[in-house]
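In: coords please:
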Amino acid sequence: MNTHIPRRLVVAAIVTASALLGAACSAAESAAPASPDVVEKPTTSTSAGSPSKAAPERRPYTISFGGDVHFEGVLRTRLNADPKTALGPIAKVLSRSDIAMVNLETAITTGGTPAPGKQYTFRAPATALTALKAAGVDVASMANNHGMDYMQGGLTDSLAAIKRSRFPVVGVGANADEAYKPWRTTVNGNRVAVIGATQVLDAEFIQSWTATPTKGGLASAKNEARLLQEVRRARKNSDTVIVHLHWGTELQKCPNEAQRALAPRLIEAGADVVVGGHAHILLGSGYLGDGYVNYGMGNFVFYNWGPETGRTGVLTLTINGRKVLKDQWTPASIQGGVPVPLTGAAGRQAVTGWKALRGCAGLAATSS
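Out: Residues are numbered from 1 along each chain as shown. Modelled structure (predicted):
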């Protein structure tokens, strides 16, 4: 009970003892509750026998990225046979990391209407999400030039499948707020935010595929102001901000002007990692100031491949807060539609080749 005697009672000390006691009790009963700020403040020091509520110490974590994934051709056969093994041996590499992410370059539907006039349209049943989960993938982006290949009907089916599966997918939503909304998780005390967006959209579909406040669609990096706004917003309450982009020019080995312009702006806005692909081949990876940028992850789980387009792998970053401590490339080659890790001399040669790609990308091997 609060026994503090209000100042107004002190000046009335001439009253009788019983009156004074009654006034003190009345004051205690009407005292305001403790401030919420005081109640909710974490305990930083404790008395004997009281447990500490100090925040856990942040420790490094790993996140792995793979490139473009769909389930057409031979991959549909694999998916139908057993979704849990559809990604093949690369699953062991993805599963080793705390977080794994890929670009899901397909609509999740068995219906919808193919985008009119589009040469290549990709779709897959909801078991595609089962396959990603089983392979150790934790989050995917559908912000790409195939995410709405089956138009609004396909989008409706995709969003429904995502909701049913409870599998995190960024870069797509029932409106712009949902499409740009980051996926959030906490790993080893690190609050991680992942945002997905596409810089690549066919001109005739930019309007119909881009999410708006009242229409579903994809998060577009062409609306650069909105993307930068989301990065700044995520920066305020995240330890690591990651932007996954669909960007680049098909089969062009060096980043294009749009990529080179956007990457430093994202870093300046608060992104710690910018990674993505589209070109069907590998592009450079490395440090841009204090941030880390990957300009092209290439194909990953893909129905056709050749000497260049079949070169792939897994990029694994070790991160603590805002700092990328280490990057590691696990090289692979696409065989039968899925990535098969390379070992021995072939693996070492592939890593050397991957490191050389940063030469024309303007990226560094170490942070500044």
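In: run through the neighbouring helices and strands of the helix ranked longest in the chain.
Out: Counting by DSSP state H, the longest helix found in the chain is helix 151-165. Packing contacts for helix 151-165, counted by 3 or more C-beta pairs under 8 Å, 6 or more residues apart in numbering; DSSP states H and E, involve strand 107-108, helix 127-134, strand 172-173. C-beta here means a position set from N, CA and C on the backbone, and glycine is covered the same way.
In: all helices for this protein, in order.
Out: 7-10, 17-29, 36-40, 74-81, 90-95, 127-134, 151-165, 176-180, 206-209, 224-236, 257-269, 344-356.
In: so where's the stretch 51-200 of the chain uncertain?
Out: 51-56 (pLDDT under 70).
In: could you report the neighbour count for H246?
Out: A count of nearby residues for H246, using other C-beta atoms under 10 Å, gives 27.
In: that one contacts N144, doesn't it?
Out: Yes - between H246 and N144 there is a contact under C-beta atoms under 8 Å: 3.9 Å.
In: could you name every residue contacting both of the two?
Out: Shared contacts of H246 and N144 (C-beta atoms under 8 Å, 6 or more residues apart in numbering): N103, T198, V200, H278.
In: now, those residues that are in strands?
Out: Residues of the shared contacts of H246 and N144 located in strands (DSSP state E): N103, T198.
In: from the centroid of this structure, which residue is nearest?
Out: V194 (2.5 Å; C-alpha atoms, centre = their mean).
In: mind putting the helices of the chain in JSON lines, mean neighbour count and distance to V301 included?
Out: Shown next, in JSON lines, are those (neighbours: other C-beta atoms under 10 Å; distance: least, C-beta to C-beta, whole Å):
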{"stretch": "helix 7-10", "mean neighbour count": "10", "distance to V301": "75"}
{"stretch": "helix 17-29", "mean neighbour count": "12", "distance to V301": "69"}
{"stretch": "helix 36-40", "mean neighbour count": "8", "distance to V301": "46"}
{"stretch": "helix 74-81", "mean neighbour count": "16", "distance to V301": "6"}
{"stretch": "helix 90-95", "mean neighbour count": "19", "distance to V301": "8"}
{"stretch": "helix 127-134", "mean neighbour count": "22", "distance to V301": "9"}
{"stretch": "helix 151-165", "mean neighbour count": "18", "distance to V301": "18"}
{"stretch": "helix 176-180", "mean neighbour count": "21", "distance to V301": "24"}
{"stretch": "helix 206-209", "mean neighbour count": "16", "distance to V301": "23"}
{"stretch": "helix 224-236", "mean neighbour count": "18", "distance to V301": "26"}
{"stretch": "helix 257-269", "mean neighbour count": "18", "distance to V301": "23"}
{"stretch": "helix 344-356", "mean neighbour count": "13", "distance to V301": "18"}
